[in-house]
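Student: below is the sequence, then the predicted model.
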Amino acid sequence: MTATPRIAIYGAGMIGNYLGGRLHARAHVRLIARPHVAASLNQHGLTTSDLNGYRRHVPVAALNVATQPDAARDADVVLVTVKSAATMEAAHELADVLTPGTLVISFQNGVHNTADLRAALPDCRVLTGMVPFNVTQPQPAHFHQGSSGTLMVERSSALPPSLLAAFGASGLTLQQRDDMQAVLWAKLLINLNNPLNALSGLPLREELAQHAWRQCLALLQREGLQVVKAAGIRPAQLTALPARWLPRVLSLPNAVFHRLASRMLAIDPLARSSMWDDLQAGRRTEVDYINGEIVVLAKSKGMRAPMNARIVALIREAEQSYVRWEATALLKTLRDS
Ligand SMILES: NC(=O)C1=CN([C@@H]2O[C@H](COP(=O)(O)OP(=O)(O)OC[C@H]3O[C@@H](n4cnc5c(N)ncnc54)[C@H](OP(=O)(O)O)[C@@H]3O)[C@@H](O)[C@H]2O)C=CC1
Ligand SMILES: CC(C)(CO)C(=O)C(=O)O
């Protein structure tokens, strides 16, 4: 690999553009985007910012934006940042253009994307990544990190020092982990909130500040934890407390929760879940790859996960016609399911 890595971002949306914008000064970044996203980048340039005061603008002339898979051909590293439903299509497009041995990193939610990419790209080196923080787009082509957390990646000798250095120098430390599948399951348990946030119509901070919404999440997580335990999966610890304690913490009354779990609420006031973004854009959501995974895993163990199944059904309805839910009504629906 060259001293300055050539990084292709495959599926430049919220996460891809944020990572690409931050890495731009330290790597040769090519953003492979849908035509409407490319047009916006080519009109405005790319601005990235975060909740700690970082802000940077890359002017149009300095951007390298493409709309065809072929643009990934000469990359040293491809960061896959499409939604989970689009992984297979992206993988087949990449299979046609990538040189054998190219490093591919999935920076996606969901627990099967790496396996899908590996199956379609047997000659590439595919690694699992994890994005813990939220990204919003407050203005066209401006991508803002609205919560904290360290990017994670599967430990591998395939990770070149120049890539790790480029991430580090961009303020995006890549923590190498030996337990990425456990990390993905822990992230999935956190993402069980994505549909609740989408149905609430509230920013994440406002939603999580309300006891009834936290109770809904506690129910989904408790059910999820039982299922993953039955499947012999031990989620990694991504928060100050182990995953198995989170339902209890979420169920605390507001005054205690706000005192003990203030870090959980350290989120930009405008940040919302990626599932809210999908519903607002009229796109099919990732709910099958999040709550749906709990339902499928439960079935495979002869169990049921009725609350997560109910949420999947409600999101399917919301994809057709969006209606906001009140927390107490949703809590009752979950308890009755
Ligand atoms: N947004 C967030 O805050 C967070 C998101 N994540 C996860 O990161 C992943 C990416 O999410 P996010 O960035 O929000 O998603 P976005 O939908 O914002 O971005 C993905 C982009 O990729 C495009 N795309 C899909 N297929 C292709 C293709 N074959 N070629 C080129 N472009 C393509 C999509 O276009 P189109 O819609 O037209 O298909 C879309 O513009 C998801 O798994 C998500 O769950 C993780 C942490 C936080
Ligand atoms: C960061 C988090 C948990 C919430 O925004 C997320 O992963 C998402 O929105 O998909």
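Tutor: Done, it's in. Ligands and ions are numbered 1, 2, ... in the order given.
Student: what's the local residue count around the residue of the stretch 51-200 of the chain found nearest ligand 2?
Tutor: Proximity of the stretch 51-200 of the chain to ligand 2 (Cβ to the nearest ligand atom) peaks at Asn134, 3.4 Å away. Bear in mind the C-beta positions are built from the backbone N, C-alpha and C, glycine included. By the criterion of other Cβ atoms under 10 Å, Asn134 has 24 neighbours.
Student: identify the residues contacting the closest residue to ligand 1 within the stretch 151-300 of the chain.
Tutor: Using Cβ to the nearest ligand atom, the closest approach of the stretch 151-300 of the chain to ligand 1 is made by Ser274 at 3.6 Å. Ser274 sits next to 14, 83, 109, 134, 194, 286 when contact means Cβ atoms under 8 Å, 6 or more residues apart in numbering.
Student: can you report how many residues lie near the second one?
Tutor: So the one you mean is Lys83. 24.
Student: does it touch Phe107 like I think?
Tutor: No: assessed by Cβ atoms under 8 Å, Lys83 is found out of contact with Phe107, at 11.6 Å.
Student: burial of Val97, as a residue count?
Tutor: 17.
Student: which residue is the nearest non-sequential neighbour of it?
Tutor: Closest residue to Val97 apart from its sequence neighbours, by Cβ to Cβ, 6 or more residues apart in numbering: Arg73 at 4.6 Å.
Student: need the contact list for that neighbour.
Tutor: Counting by Cβ under 8 Å, 6+ apart, the residues that Arg73 touches are 97-99.
Student: spit out the residues that contact Lys83 and Phe107 alike.
Tutor: Shared contacts of Lys83 and Phe107, defined by Cβ under 8 Å, 6+ apart, are absent.
Student: and for Val287, the neighbour number?
Tutor: 27.
Student: what do you get for Val60?
Tutor: 13.
Student: I'd say it and Ala39 touch.
Tutor: No: here Val60 lies out of contact with Ala39, judged by Cβ under 8 Å, at a distance of 11.1 Å.
Student: on the three-state scheme, the closest residue to Arg304 other than its chain neighbours is what?
Tutor: Among residues not flanking Arg304 along the chain, Ala298 sits closest, at 5.7 Å (Cβ to Cβ, 6+ apart). Secondary structure, DSSP: H, G, I helix; E, B strand; the rest coil: Ala298 is helix.
Student: for Ala298, give me the pLDDT.
Tutor: pLDDT, Ala298: 98.
Student: ok, Ala261 next?
Tutor: Confidence score, pLDDT, at Ala261: 81.
Student: got a list of what it touches?
Tutor: With Cβ under 8 Å, 6+ apart, Ala261 has these contacts: 249, 252.
Student: Asn113: which of the contacts of Arg73 is nearest?
Tutor: Leu98 (16.3 Å; Cβ to Cβ).
Student: and the nearest residue to the closest one once chain neighbours are set aside, how far is that from Leu250?
Tutor: In this structure, Leu98 finds its nearest non-sequential neighbour in Cys124, 5.7 Å apart by Cβ to Cβ, 6+ apart. Noted for Cys124: a distance of 39 Å to Leu250, by Cβ to Cβ, to the nearest Å.
Student: rewinding a little: Val227 is in contact with the residue nearest to Arg304, correct?
Tutor: Yes: if you go by Cβ under 8 Å, Ala298 and Val227 touch, sitting 4.6 Å apart.
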